[in-house]
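Undergrad: Mind looking at a prediction? Sequence and model below.
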Amino acid sequence: MAIGILDGPQAFNNSQFNTKISLKAFGQQGLLAIEEEADNARSARGIFRFLPSNPLALPTILQQSLLSLLLELIGWSPKCKIPVRIPPLMYKHLQPFVNLLLYSPSRDIKDQAHILAQAAMLSTGAFDKNLREIGAWFLFLPGYKTGNIVVGDQGIEVFQNLFSVIVSFLCDAVSTVGNNLLKYWDVLRRHTCHLKGVEGNLSLI
């Protein structure tokens, strides 16, 4: 039976299934093309240009598809808790992931956003791949420890307005750390590029 004439939960499940299949079909060739564009450490736009500033405004199925694609891009898997392909400057896109982590009513989306928020923090190069230290930073977020912010659409807007200052402060602090480390790393590169046996493509992470 064609998906177009299905109604209710069955139609949603078929649509979600087909979306996941399409993403897999996009798969390796598309991922490689995006990764090549994102390899430039001076640009955070390549891999995240399609990430909206407020992903909560997207339908749930699109949120799930987008986060699944981003998890694929960073090389995360349940067997490897530390992503293997964290894009440079991903920390500049921390806030959308934090908002999904705090305000999404879907547990699956919260879990995916949590992984991506951790990856964004790791991209600063400041945490030495220590997820516990990152978790300590997240403890400042309202509702993070208990995961109890699960509300309707109108309630989400209320909580966002109430906690926006705290979320912005955390994301600004992380961005400042990342920018400062990047600046000092550039200084180190300039002072070591002439030394024999020192690679010129050093990375923060």
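TA: Alright, I've got the coordinates.

Undergrad: For stretch 132-146, buried residues please.
TA: Along stretch 132-146, the positions that meet the burial threshold by neighbour count (16 or more other C-beta atoms under 10 Å) are Ile134, Trp137, Phe138, Leu141, Tyr144. Every C-beta, even on glycine, is put in place using the N, C-alpha and C of the backbone.

Undergrad: same deal with stretch 98-109?
TA: Judged by neighbour count using 16+ other C-beta under 10 Å, the buried positions of stretch 98-109 are Val98, Asn99, Leu100, Leu101, Leu102, Tyr103, Ser104, Ile109.

Undergrad: tell me which of these is nearest to Pro78?
TA: If you rank the buried residues of stretch 98-109 by distance to Pro78 using C-beta to C-beta, Ile109 comes first, at 16.8 Å.

Undergrad: ok so, going back, restricted to helices, list the buried residues of stretch 98-109.
TA: Val98, Asn99, Leu100, Leu101, Leu102, Tyr103, Ile109 (DSSP state H).

Undergrad: list the contacts for the third one?
TA: The contact partners of Leu100, taken as C-beta atoms under 8 Å, 6 or more residues apart in numbering, are Pro55, Leu56, Gln63, Leu67, Ile109, Lys110, Gln112, Ala113.

Undergrad: Next, work out how far apart it and Thr176 are.
TA: Counting by C-beta to C-beta, to the nearest Å, the gap from Leu100 to Thr176 is 22 Å.
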